[in-house]
Structure formats: C-alpha cells, structure tokens
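> just the structure for this:
(one chain, ligands or ions: 1)
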Amino acid sequence: IMERIYLDNNATTIVDPAVRDTMEPFYCHMYGNPNSLHLFGIEVRPYLHQAMEQLYSGIGASDADDIIINSCATEGNNTVILGFYFNLLKDTRKKHIITTQLEHPCVRESCRFLERHGVKVTYLAPDRDGLITAKMVKDAITDQTALVSVMWANNETGIILPIEEISKVCKEQGVYLHSDAVQAIGKVKVDLQKVRVDFLTFSAHKFHGPKGVGGLYIRDGLNLPPLLHGGEQMGGHRAGTVNVAGTVAMGKAIELANASLDFENREVRRLRDKLEDALLKNADVLVVGKRELRTPNTLYVSIRGVEGESMIWDLNQNGIAASTGSACASESLEASPILTAIGADRELAHTGVRFSLSRFTTEKEIDITIEVANKAIERLRQLSTSY
Ligand SMILES: Cc1ncc(COP(=O)(O)O)c(CN[C@@H](CS)C(=O)O)c1O
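The predicted model follows:
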C-alpha cells in the first residue's frame, strides 16, 4: 500500500492523539450541558475552566479580557467585522475599514458585505516581498477609519506580518486592530502582553485540535455585538450550547502547540528548508517570501512551466498531499492573488504550490517528497508548451 504523506497542514492538521484523549470523557460519560444547574451540567464546568485558563495563557490574554468559544475562525472573523458594522460604523461618521489583499476570504468577503452597506474598505496590496508594512497601514488611516484587520501570518505563503509595529500605529491613531492569527498559533509566539491587539481569531484544527471549534479574543472593555443571539453562553457574546469536548481539546492543543514552538522553529523548519533547498536546485523556481520572514512550516513555490494543479495531481498520484494555495480556493482556477500581488506574470501566477509541514512530518517523508517532486517537475516541463 502506497505510503501517504500529508503536507497540507495549513489547510487542517491531524488531531494530536493526546488532544483526542482529552475529548473522550465528554461523549458518553460527562455529557451534561454546562449551562444546566444539575450535577450533569455542573460536573463539566471545571474542565471548561481549565481549558479557558490554557487558552488565556496560550495567547497571553489578561484575566479582564474575553475569549469567546465559537465554531471556527470564519465565525470569529465574521463576528468582528460584522459586529463592527452594527456597533460603530453604523452610527458614527467612522465609515472606513483597512484590511489587506492577503486576507483569508472570510475576512475579505465580510468586508465586501459591509461595502454593500455603505462602508468604505481599503484593501492594502503587499509589496514585492509579499509584506504589508506598518507604514502602509499608517498612510491609509484617515479620520474616518474605525478598524484595521491584518492577519498575523498568511496561509498561502507563511509570510509573517509586522503585527507589533502595526499595533503601535493603530494605538497612536486611535484605531481598533483585529488580527486573524489562524496561521500563527503554534508556529510563532502569539503573546498579547507584548503585542496589543483588540480582537484576535483562531481555529483549533490548525494546531492539532479538532475541526469545529475556535476562539475569538476581545480585549478588556471592548464591546462587540454577538453574531449569534439567543443564549447566555459566553456572557451573551455567543449563543449556543458550548462544545465541551472541542473546547477542552482546544485548550490542550494550544498548550501542546506552545510547548512545541522550539521544535517547530528548529526541526520542522529544518525539514521545510531541506525541501525548499532541493526544489530551488531546479532552474526557474521561485519561493515567495524571505525564508526568515515566514512561518517555519510553510513553503509557497512557483515552478515556471508547471501548472500548480498538474503538480498537485502528480504528487497526489504518489500519495503526497499539498495544495495550490488555500483549500477554500482550491476549486478556483484563478491566478493566485499573492503571486499576482507580488508582480508575478500571468503564467507564473498559475504555478503556485503550497507545502505546509507539521511537527508530525518526518525526514523520510521529506526525502520521498523531494524525489517525487523533482521527477514531476521534469515530466511536466517536458509536456509543457511554454517551457
Ligand atoms: C488565515 C486563515 N483565516 C481563516 C481561515 C478559516 O479557518 P476555518 O477554521 O475554516 O474557519 C483559514 C483556513 N485556511 C485554510 C482553509 S481555506 C487554508 O487552506 O489555507 C486561514 O488560513
């Protein structure tokens, strides 16, 4: 049987077995609704409390801040951006939001929805290194700007954005800052004691927790109307029965993810660099973003003369899972926005392949991937009419 190799961890990750084990008791043993006042409900509360403590320390949140448990980062990002519309933009003359062309579609489309309701949105374009700088943000802020939304790290390229500098600009200018930290947690240190953001979103399944549970951080004293109404859960910030098993799992997952940061930035980075160096030995191969400015597990490579989809197909035929970019865009055959934004020509913009490793990736898997990828490049270039 062909050995399968999973190198699409920015799309989703395997649940760490230790995380899975924490979920077990909450299905058939302690299955009460935590909001119930009887024994079945009360007995699960200490586990939720422990999970919240793990999450607070996992991102360096202060006790006075809020962390809302939700279903995923898509929900969290929608809650922030739509919540801003109802809370602030609708009633005051501040009708401007600044975001970037790098954001995940759930941020972009939430902003587009607000544009249809009279909000002005600036989508900052990255520079040729794929970066959004604090200066770009500062230059875009006007006296009508209410919110800046910039992701902590990009899901396709792994490029880490200067959130600390951007947060200083937002504080100086009196503008709220939201950061989508989905691709940062477990890869780089996210410490809100050091970097002041007002809203932060994350999803457990990106750092070896289960799908279907995520978190929304709201800094002390900030008020955001709920996206989901009709329950006193999460202090009224998010109605709906709490996903007990998922929350407990996410607490354990963030604890393990932070404990593995050194391993991620040493060993996973070494394997990613080994793959990257091997691919760069081929002519006309471009890696997007400076290596030291990327999350340790991600490599977004453009191989001239090889369509991204063809490369993914060849890899898949050999049991290797990678992607042409974010999973949610995998159906669209459009040119990659990031490659277009950094000035890649049309042909190049269709040649992106994303490899994203994890702490479970082995040296043998990378060696096999190097061999298969080099053979695929040779085969596909021979078939290419343009190379
Ligand atoms: C930066 C960023 N922000 C939000 C999301 C959405 O996460 P959900 O848990 O699905 O709601 C993702 C998920 N990006 C996956 C699936 S599209 C990728 O292949 O890149 C993300 O990377």
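> for His178, give me phi and psi.
Torsion angles at His178 (phi, psi; degrees, to the nearest 10) stand at phi -110, psi 140.
> and for it, the neighbour number?
Residues near His178, counting by other Cβ atoms under 10 Å, number 29. The way it works is simple: take the backbone N, C-alpha and C, and place the C-beta from them, glycine included.
> ditto for the one 4 residues further on
Neighbourhood size, Val182 [other Cβ under 10 Å]: 26.
> and it, what does it touch?
Residues in contact with Val182 (Cβ atoms under 8 Å, 6 or more residues apart in numbering) are Ala73, His104, Met151, Asn155, Thr201, Phe202, Ser203, Lys206.
> those residues also near the ligand: which ones?
Restricting those to those near the ligand by Cβ under 6 Å from any ligand atom leaves Ala73, His104, Met151, Asn155, Ser203.
> nearest to Asn374, of those residues?
Nearest to Asn374, judged by Cβ to Cβ, of these is Asn155 at 25.7 Å.
> quick check: the gap between that closest one and Val182.
Separation of Asn155 from Val182 (Cβ to Cβ, to the nearest Å): 7 Å.
> between these two, what contacts are shared?
Counting by Cβ under 8 Å, 6+ apart, the residues touching both Asn155 and Val182 are His104.
> how many residues are close by the closest residue to Lys120 other than its chain neighbours?
With sequence-adjacent residues excluded and distances taken as Cβ to Cβ, 6 or more residues apart in numbering, Lys120 is closest to His96, at 4.7 Å. His96 sits with 20 neighbouring residues when counted by other Cβ under 10 Å.
> same check on Glu24?
So Glu24, with other Cβ under 10 Å, has 12 neighbours.
> ok, Gly352 to Phe40 distance?
For Gly352, the distance to Phe40 - Cβ to Cβ - is 50 Å.
> so between the two, which is more surrounded?
Between Gly352 and Phe40, Gly352 has the larger neighbour count (other Cβ under 10 Å), namely 25 against 13.
> confidence score at the residue positioned nearest the centre of the chain?
Nearest to the mean C-alpha position of the chain, by Cα atoms, centre = their mean, lies Val182 at 2.6 Å. pLDDT for Val182: 98.
> I'd assumed it was in a strand, is it?
No - per DSSP: H, G, I helix; E, B strand; the rest coil, Val182 lies outside any strand segment and is coil.
> for the stretch 1-150 of the chain, what lies in contact range of the ligand?
So far as Cβ under 6 Å from any ligand atom goes, the stretch 1-150 of the chain lies against the ligand at Asn10, Ala11, Cys72, Ala73, Thr74, His104, Cys106.
> if we can go back for a sec, look up how far Ile218 lies from the residue nearest to Lys120.
21 Å.
> same check, this time on Leu39
Taken as Cβ to Cβ, the span from Leu39 to Ile218 is 32 Å.
> more neighbours, the two?
Between Leu39 and Ile218, Ile218 has the larger neighbour count (other Cβ under 10 Å), namely 22 against 8.
> low-confidence ranges in the stretch 251-387 of the chain?
Low-confidence segments of the stretch 251-387 of the chain, defined by pLDDT under 70: 326-337, 348.
> helices of that one, residue ranges please.
Secondary structure of the stretch 251-387 of the chain (DSSP state H, counting those that start in this stretch): helices at 261-263, 269-280, 308-317, 337-341, 346-349, 363-383.
> any chance of these in a markdown table, with mean neighbour count and distance to Met250 too?
Below are these laid out as a markdown table (neighbours: other Cβ atoms under 10 Å; distance: least, Cβ to Cβ, whole Å):
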| stretch | mean neighbour count | distance to Met250 |
| --- | --- | --- |
| helix 261-263 | 13 | 17 |
| helix 269-280 | 17 | 25 |
| helix 308-317 | 17 | 30 |
| helix 337-341 | 21 | 28 |
| helix 346-349 | 16 | 36 |
| helix 363-383 | 16 | 27 |
